[in-house]
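J.: Attaching a predicted model along with its sequence, questions to come.
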Amino acid sequence: MQHLCPSLPSWSRLVAALGLLTVSAAVALDHRPGDTGIAPSELEAVEAGPQSAPWLTGHYLIDLVEPADGEGGSEASIAAWVQALDEEPGIALEPAGFYSEGEHLFRLTASSQAWSELQASLTSDPLVEGFEPEVIYELGDASPDPTPAKPPRLDPNDPMFHYQWHMEQIRAPQAWATSSRGRGVVVAVIDTGVAWKDGSGVKQLPDLAQTRFTAGESFVAGVPEGLDDHAHGSHVAGTIAQSTNNGVGVTGVAYDATIMPLKVLSKEGRGSVPGIANAIRYAADHGAHVINMSLGGPLPSKVLAKAIEYAHEKGVTTVCAAGNEARSRVGYPAANEHAVAVSATNFERGLSFYSNWGAHIDVAAPGGDTRADKNGDGKPDGVLQNTIGIQNPAVSEYLWFQGTSMASPHAAGVAALIVGEGVTNPDEVERVMKKSAQHPNGVEWDKYYGGGIVDAEAAVAMAQRQYAPERAGFLGFLALWVLGGLGIARQGTGLRSMVLSGGAALVASGAVGVPLAYGLGGLVGGVSLVSSALWLSAAVPVAAVLLFLGWRRARPALLGLSLGYAALLAHAAIALPTLLESLPGGPAIDRLWLGAQAIVCMALARRLRRLG
């Protein structure tokens, strides 16, 4: 083979030489005296000291000859050798196990210095058959970690939180650690009102002092400004957004959300359909993202159904209590289309004895059972929140309530957490809530739990996981489109025109598009169907062109604006149809609208380029 070597490239020869050197070293190591059977790198760790590697116990095993087998020595000489070595300073010797004395196997403990001095003599000693470090073996399979890492959670300092088993059931503490906790989301509480401030004989509840509120409104006779003179509405609002981690009282599911207090039920807890329907429309027109209605009756109402549809078309998720008649029919408005119907569970995750169930149930949530103390905390297993005294708005109480009225705000709070992660379309919010819910029976849906018990942590994770890639792709797509679009502007234009084009494109796609896309308020709050569709269309660049086309210096900026809108709308049509919340017809119609508008914007940009 020697004649073949010159034909190898120089690097090949080097590799071959290194291979031969490695084999030679391995052969030499395999035959050296006192071999420990350890690879060279591992041997260095052994020689460095008994604690130098995680797979070493820090001891050494010394195997002495066995005279009875003709290996030399005698029992007396071995005993004398062991005694002498054990008396050496820095060295301790002991039998290594059940058969050690018969097998003459000993465990040696030595300091690093004593060990380094001892190795040479052990290698040449005729009584020593072999020595090696004591090594730890372990299972060879992929056994699960016996102590898996726990998911992050936020444990609030609210002193009565340990009584809120219902927050643990929906895994709210885990969601608090990983979410925006509903910041920027407005939840309308359509109920008996909320003790959200002092006024008209009502005292603000101390555990709502740090909760955010919009101005309240009353749609029934009694206290004004959405204040509470019953107790029910304040309790419901507390479940959604009680001030949390404030060292006072208890917690709320989406405690950084904003509550819109809308009073539609009287001091006696009664209200008519017109007032409720007006409150739904008011919420939709004044920036609410989620509506909670812990109220209902056995009969449907077209007026109420139309109001819920109106809110849905404006991008509002409506959550309702299923009813407390323990029957197989869901009450209204929960049974209406576009309403998320919520049944109630107890501490043991079973359906509460009073809860309605049926074909319209979407999800379940904790409603409690004040007759029981299954968790043994000395308190009833109801839902605990801060509220006013029963029909006594001047008094603050911490009360345990039960009912689907208590279940609904847990689900509404989870909806607020989902919206806070950027999922704003009500159909998508409901889908995430159902898909992330944990069903006690492991099925996809049944008439008792719907999709399952709402899971705040899983809902937040799903919202983040499914929409974060679209957000990253959204920005990347815009950047690529704008950079590519500069090619349109480059021909026949100078640096100033290119900068104007690119800047306008970034403004159009970023400053305008991103806030609208992710529910951060956009340019206008509470937009109507017409204005929303107009904002997400070619109307903006077309209007700008009509106004400024005669100003030649503005044309690069107009081109950039058209490019930016084209990028925004095209990406939305592909990946984010829920960007458009209020166009009727569902995602398919949204995609058609957004795609068509993107084509118009791109055609406009090409036309502007030709004009120069």
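T.: Good, I have the coordinates.

J.: in stretch 360-376, what's buried?
T.: Residues of stretch 360-376 classed as buried: 360-369 (neighbour count, 16 or more other CB atoms under 10 Å). (C-beta placed from N, C-alpha, C; glycine too.)

J.: okay, that stretch in CSV with CA atoms only?
T.: Output of stretch 360-376 as CSV, limited to C-alpha atoms (Å, rounded to 0.1, in the frame of the first residue of the first chain):
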residue,chain,number,x,y,z
HIS,A,360,-75.5,24.4,24.0
ILE,A,361,-72.8,24.0,26.7
ASP,A,362,-69.4,25.3,25.5
VAL,A,363,-67.2,25.0,28.5
ALA,A,364,-67.4,24.5,32.3
ALA,A,365,-65.8,26.5,35.1
PRO,A,366,-65.8,26.6,39.0
GLY,A,367,-69.2,27.5,40.4
GLY,A,368,-68.8,26.0,43.8
ASP,A,369,-71.0,24.2,46.4
THR,A,370,-71.6,26.2,49.6
ARG,A,371,-73.1,23.1,51.3
ALA,A,372,-69.8,21.2,51.3
ASP,A,373,-66.2,21.5,52.6
LYS,A,374,-64.5,18.8,50.5
ASN,A,375,-61.1,20.4,50.7
GLY,A,376,-61.2,20.5,54.5
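
J.: ok, back up a step: any idea which of the buried residues of stretch 360-376 is closest to Thr251?
T.: Among those, Pro366 lies closest to Thr251 (CB to CB), at 13.0 Å.

J.: Distance-wise, check the closest one relative to Val423.
T.: 23 Å (CB to CB, to the nearest Å).

J.: Enumerate every residue touching the residue positioned nearest the centre of the chain.
T.: The centroid of the chain falls nearest to Ala461 when counting by CA atoms, centre = their mean (2.8 Å). With contacts defined as CB atoms under 8 Å, 6 or more residues apart in numbering, Ala461 is in contact with 178, 436.

J.: Quick check: end-to-end length of stretch 65-78?
T.: 8 Å (CA to CA, to the nearest Å).

J.: From Lys150, how far out is Ser180?
T.: In terms of CB to CB, Ser180 sits 22 Å off from Lys150.

J.: So these two - more neighbours on which side?
T.: Ser180 (19 against 7; other CB atoms under 10 Å).

J.: hang on, that one is in a helix, isn't it?
T.: No. Using DSSP: H, G, I helix; E, B strand; the rest coil, the secondary structure at Ser180 is coil, not a helix.

J.: Looks like it contacts Gly422 (just checking).
T.: No. Counting by CB atoms under 8 Å, Ser180 stays clear of Gly422, with 9.2 Å between them.

J.: what domains does the record give for the protein?
T.: Segmentation of the chain into domains, based on automatic domain parsing, reads 161-454, 468-611.

J.: how about those domains, which one is nearest His104?
T.: Between the domains of the chain, domain 161-454 lies closest to His104; by CB to CB that is 57.5 Å.

J.: about what we covered before: tell me which of the buried residues of stretch 360-376 is nearest to Gln113?
T.: Nearest to Gln113 among the buried residues of stretch 360-376, with distances taken as CB to CB, is Pro366, at 65.2 Å.

J.: still on that earlier bit, can you tell me how far the residue nearest to the centre of the chain sits from Gly350?
T.: Look at Ala461 and Gly350: by CB to CB, they are 26 Å apart.

J.: Repeat that for Glu421.
T.: Glu421 is 30 Å from Gly350, by CB to CB.

J.: Comparing the two, which residue is more hemmed in?
T.: A direct count of neighbours by other CB under 10 Å for Glu421 and Gly350 places Glu421 higher, at 25 against 15.

J.: pretty sure the more buried one contacts Gln466?
T.: No. Using CB under 8 Å, Glu421 is not in contact with Gln466, being 9.5 Å away.

J.: Just give the number of residues close to Gly451.
T.: Gly451 has 22 nearby residues by other CB under 10 Å.

J.: To clarify, my last question referred to Gln402.
T.: Residues lying near Gln402 (other CB under 10 Å) number 25.

J.: Spatially nearest residue to it, not counting backbone neighbours?
T.: Distance criterion CB to CB, 6 or more residues apart in numbering; nearest residue to Gln402, sequence neighbours excluded, is Gly368 at 4.1 Å.

J.: what's the answer for Leu569, then?
T.: Sequence neighbours aside, Ala598 is the residue nearest to Leu569 in space, at 3.8 Å (criterion: CB to CB, 6+ apart).

J.: Please tell me I have it right and that neighbour contacts Ala566.
T.: Yes. Between Ala598 and Ala566 there is a contact under CB under 8 Å: 5.0 Å.

J.: Which strand or helix spans His312?
T.: Element membership for His312, per DSSP states H and E: helix 302-313.

J.: May I have that helix exported as PDB, CA atoms only?
T.: Extracted C-alpha coordinates of helix 302-313, given in PDB (Å, rounded to 0.1, in the frame of the first residue of the first chain):
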ATOM      1  CA  LYS A 302     -85.000  37.900  19.500                       C
ATOM      2  CA  VAL A 303     -84.100  41.400  20.800                       C
ATOM      3  CA  LEU A 304     -81.400  39.900  23.000                       C
ATOM      4  CA  ALA A 305     -80.200  37.600  20.300                       C
ATOM      5  CA  LYS A 306     -79.800  40.600  17.900                       C
ATOM      6  CA  ALA A 307     -77.800  42.500  20.500                       C
ATOM      7  CA  ILE A 308     -75.400  39.600  21.000                       C
ATOM      8  CA  GLU A 309     -75.000  39.200  17.200                       C
ATOM      9  CA  TYR A 310     -74.300  43.000  17.000                       C
ATOM     10  CA  ALA A 311     -71.600  42.600  19.700                       C
ATOM     11  CA  HIS A 312     -70.100  39.600  17.900                       C
ATOM     12  CA  GLU A 313     -69.900  41.500  14.600                       C
END
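
J.: which strands and helices sit next to it?
T.: Counting contacts by 3 or more CB pairs under 8 Å, 6 or more residues apart in numbering; DSSP states H and E, helix 302-313 is packed against helix 273-285, strand 317-321.

J.: before we move on, back to that, tell me how many other residues surround the residue nearest to Leu569.
T.: 23.

J.: got the contact list for it?
T.: Applying CB under 8 Å, 6+ apart, we find Ala598 in contact with 565-570, 573.

J.: Apply 6 Å and report the result again.
T.: Shown in contact with Ala598 (CB atoms under 6 Å, 6 or more residues apart in numbering): 566, 569-570.

J.: ok, so of those residues, who is nearest Ser77?
T.: Ala570 (90.5 Å).

J.: Quick one: classify the nearest residue to that closest one once chain neighbours are set aside as helix, strand or coil.
T.: Once flanking residues are discounted, Ala570 sits nearest to Ala598: 3.9 Å by CB to CB, 6+ apart. The local conformation at Ala598, judged by three-state DSSP, is helix.
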